[in-house]
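*Asks:* Got a sequence here, can you model it:
(chains A and B)
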Amino acid sequence: MWTILTAEEQASLAQRIRDGDPAGEETFVRLFGERIRVMMLARMRDAEVARELSQEVMLASWRAIRDERLRNPERLGAFVHAVARNIMKNYTRARAGEPSMQSLSGDAARVPAPVADPDSERRALVSAALKRLSPDDRQVLVLTLVQGLPPREIAVRLGLSAEVVRARKSRATKRIIDAVAELSRYRRAGH
Amino acid sequence: MDCKRVGADEIAERYLLGTLTEQDRDAFESHFFECDRCFDELRTLRSLQAELQQTAPTERAVPAPIRRRVPARAWAAATVLVIVIGAGFWTLGRINEAARVQTTKNLPTAAPQPGISDRADVRAARVAELARVEPPPYIPLTVRSAEDWRVRFERAMAEYSAARYVEAARGLEALAAQKPSAANAWFYLGVCYLMLDRTDEAIRALQRCIDARDAAYAEDAQFFLAKAFLGKGDREAALRALEAVAASKGPRAGEARNLQTALLPLSQ
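*Replies:* As a prediction, this is how the structure comes out:
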């Protein structure tokens, strides 16, 4: 695992927050703010709700650390995740009493609701990498990530075997990820 | 859960699609809260999903048949599209040329050479595109500290978050002057200047941030410093700053390497 911080570093960061070190607080926000936001977006599928809950999590975590309620400072990441999960569950539970939205059926139910993506630099790189894919590979990605179809259904639609669909999807995804994030490994390997 | 399983079972993709079991979903979240690589890949997949959602109507319009003949009308449409895009680039080049001429009034002018000039314009347009800056988000903390400096910092950052960069810069200038070791004030001040096209001041502020030697800001400051140099058209200085970011192996390293890759051919 490519850890964001070692156990010692997590404990040290928690200590800095307890001591009221502003730089420690900023580091905390930088390390966990985006993680919480991505988690909330994936779970809630509502940018506004995700934003509000993310702030709540940051504040609750920060207060808990300052009040010395963090039992294992070397597991700071796990702690923040637990806080996020609790806050989200409380929110969902509170919402359960409210009238539910009309349920979707068929294909529409499988498509995750579009959520704004503020990660615009990454998005630009993804867009450029997408243009380099073949139309067939792109189509497999759309059917997977937008329509939420499993490989066997995509295979039926495209007249391919499920194995070929899986291979195409895996290859296309890898190309995108490599294009966005990977040059580093290549260089580190001494090429 | 470990990185191997995340890759083998396409966990990140299934997480975004909401098809993981509750147990796997929790385990994956717990994993990416501590793992940089898997979180980075998740963010890329999320951007990919968002990008595809935006372009999906076009993609979905393509029906399922295995081999399709491209109708003549589609070729015609594609040809028109190519011409339109080409014209767009040409126009961009001309606009950029006009801007360049305006900003280099004191430089000796050469007789127009269409071929060379066009290539230079395309490069300059590409550099300008790479110099584009997205202000990093700031998540405010409700700090109970009575420290005046901190309270004023949060106030300035509220202006920053509302994209009122003039007001934010004014507040941050005073804060940085009061506490020159405050890397956070210098950093966001530098970003404000970038957003206001005050590139020289941005470079100075970001340099002060780097000089403050605060690990929380060093990498981002170098990254935005590179953007500032790009804004000035100083590709060599931008490449040096990007090299420092890439060497840091931090969260911006991948972006920095991609920028380096995009920039190198433009510097030759």
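*Asks:* pLDDT weak spots in chain A?
*Replies:* In the predicted model, chain A carries pLDDT under 70 at residues A:1-3, A:96-119, A:181-191.
*Asks:* So it: which segments form each domain?
*Replies:* What automatic domain parsing lists as the domains of chain A is A:7-96, A:119-188.
*Asks:* Let me know the helix or strand that the residue nearest the centre of chain A is in.
*Replies:* With distances taken as Cα atoms, centre = their mean, the residue of chain A nearest its centroid is residue A:38 (3.8 Å). Per DSSP states H and E: residue A:38 is located in helix A:22-44.
*Asks:* Any residue of that helix touching chain B?
*Replies:* Yes - contact of helix A:22-44 with chain B (Cβ under 8 Å from any Cβ of the partner chain) involves A:22-23, A:25-27, A:29-30, A:32-35, A:38-39, A:41-42. All C-beta atoms are positioned from the backbone trio N, CA, C, and that covers glycine.
*Asks:* Could you name the helices and strands sitting against that helix?
*Replies:* In terms of contacts (3 or more Cβ pairs under 8 Å, 6 or more residues apart in numbering or on different chains; DSSP states H and E), helix A:22-44 is packed against helix A:7-18, helix A:47-66, helix A:76-96, helix B:22-32, helix B:36-60, helix B:183-195, helix B:215-231.
*Asks:* Quick check: residue B:202 vs residue B:191, distance?
*Replies:* Counting by Cβ to Cβ, to the nearest Å, the gap from residue B:202 to residue B:191 is 8 Å.
*Asks:* Give the residues shared as contacts by these two.
*Replies:* When contacts are counted by Cβ atoms under 8 Å, 6 or more residues apart in numbering or on different chains, residue B:202 and residue B:191 are jointly contacted by residue B:224.
*Asks:* So, low pLDDT: which residues of the stretch 1-150 of chain B?
*Replies:* B:56-123, B:139-146.
*Asks:* need the helices for the stretch 151-268 of chain B, in chain order.
*Replies:* Applying DSSP state H, counting those that start in this stretch to the stretch 151-268 of chain B gives helices spanning B:165-178, B:183-195, B:199-211, B:215-231, B:235-248, B:253-267.
*Asks:* OK, contacts around the nearest residue to residue B:238 once chain neighbours are set aside?
*Replies:* Sequence neighbours aside, residue B:229 is the residue nearest to residue B:238 in space, at 3.9 Å (criterion: Cβ to Cβ, 6 or more residues apart in numbering or on different chains). By Cβ under 8 Å, 6+ apart, the contact set of residue B:229 is B:203, B:235, B:237, B:238, B:241.
*Asks:* What is the burial count for the nearest residue to residue A:14 once chain neighbours are set aside?
*Replies:* Leaving aside its chain neighbours, residue A:14 sits nearest to residue A:73 (3.8 Å; criterion: Cβ to Cβ, 6+ apart). For residue A:73, the neighbour count with other Cβ atoms under 10 Å in any protein chain shown is 19.
*Asks:* Now that residue A:73 has come up, it's in contact with residue A:10, right?
*Replies:* Yes - assessed by Cβ atoms under 8 Å, residue A:73 is found in contact with residue A:10 at 6.4 Å.
*Asks:* domains of chain B?
*Replies:* Taken from automatic domain parsing, chain B resolves into B:3-60, B:73-98+B:114-130, B:148-267.
*Asks:* Dump these to a markdown table, plus distance to residue A:6.
*Replies:* Formatted as a markdown table, those follow (distance: least, Cβ to Cβ, whole Å):
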| stretch | distance to residue A:6 |
| --- | --- |
| domain B:3-60 | 10 |
| domain B:73-98+B:114-130 | 34 |
| domain B:148-267 | 14 |
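*Asks:* Same list (the helices and strands packed on helix A:22-44) but as JSON lines, adding distance to residue B:2.
*Replies:* Below are these laid out as JSON lines (distance: least, Cβ to Cβ, whole Å):
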{"stretch": "helix A:7-18", "distance to residue B:2": "17"}
{"stretch": "helix A:47-66", "distance to residue B:2": "25"}
{"stretch": "helix A:76-96", "distance to residue B:2": "15"}
{"stretch": "helix B:22-32", "distance to residue B:2": "7"}
{"stretch": "helix B:36-60", "distance to residue B:2": "9"}
{"stretch": "helix B:183-195", "distance to residue B:2": "35"}
{"stretch": "helix B:215-231", "distance to residue B:2": "27"}
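*Asks:* most tightly surrounded among the ones you listed?
*Replies:* Most buried of these by mean neighbour count (mean count of other Cβ atoms under 10 Å in any protein chain shown) is helix B:183-195; its value is a mean of 26.
*Asks:* Give me the average confidence score over it.
*Replies:* Across helix B:183-195, the average pLDDT comes to 92.
*Asks:* Put the alpha carbons of that helix into PDB.
*Replies:* The C-alpha coordinates for helix B:183-195 follow below in PDB (Å, rounded to 0.1, in the frame of the first residue of the first chain):
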ATOM      1  CA  ALA B 183       3.300  29.700   4.500                       C
ATOM      2  CA  ASN B 184      -0.500  29.400   4.200                       C
ATOM      3  CA  ALA B 185      -1.000  33.200   3.800                       C
ATOM      4  CA  TRP B 186       1.800  33.400   1.200                       C
ATOM      5  CA  PHE B 187       0.400  30.400  -0.700                       C
ATOM      6  CA  TYR B 188      -3.200  31.500  -1.000                       C
ATOM      7  CA  LEU B 189      -2.000  35.100  -1.700                       C
ATOM      8  CA  GLY B 190       0.100  33.700  -4.600                       C
ATOM      9  CA  VAL B 191      -3.000  31.900  -6.000                       C
ATOM     10  CA  CYS B 192      -5.100  35.000  -5.600                       C
ATOM     11  CA  TYR B 193      -2.500  37.000  -7.600                       C
ATOM     12  CA  LEU B 194      -2.600  34.300 -10.300                       C
ATOM     13  CA  MET B 195      -6.300  34.500 -10.500                       C
END
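*Asks:* now for that helix, which elements pack on it?
*Replies:* helix A:22-44, helix B:148-161, helix B:165-178, helix B:199-211, helix B:215-231.
*Asks:* how close does the residue nearest to the centre of chain A get to residue A:122?
*Replies:* 12 Å.
*Asks:* where do the contact lists of the two overlap?
*Replies:* Shared contacts of residue A:38 and residue A:122, counting by Cβ under 8 Å, 6+ apart, come down to residue B:43.
*Asks:* So is stretch B:160-175 next to chain A?
*Replies:* No - judged by Cβ under 8 Å from any Cβ, stretch B:160-175 and chain A are separated, with a smallest distance of 11.2 Å.
*Asks:* buried stuff in that stretch?
*Replies:* Within stretch B:160-175, the residues that count as buried by 16 or more other Cβ atoms under 10 Å in any protein chain shown are B:160, B:165, B:168, B:169, B:171, B:172, B:173, B:175.
*Asks:* Among these, which one lies nearest to chain A?
*Replies:* Chain A has its nearest neighbour among the buried residues of stretch B:160-175 in residue B:175, at 11.3 Å by Cβ to the nearest Cβ.
*Asks:* And the spatially closest residue to that closest one that is not a sequence neighbour, how far from residue A:26?
*Replies:* Nearest residue to residue B:175, sequence neighbours excluded (Cβ to Cβ, 6+ apart): residue B:185, at 4.4 Å. Distance of residue B:185 to residue A:26, given as Cβ to Cβ: 11 Å.
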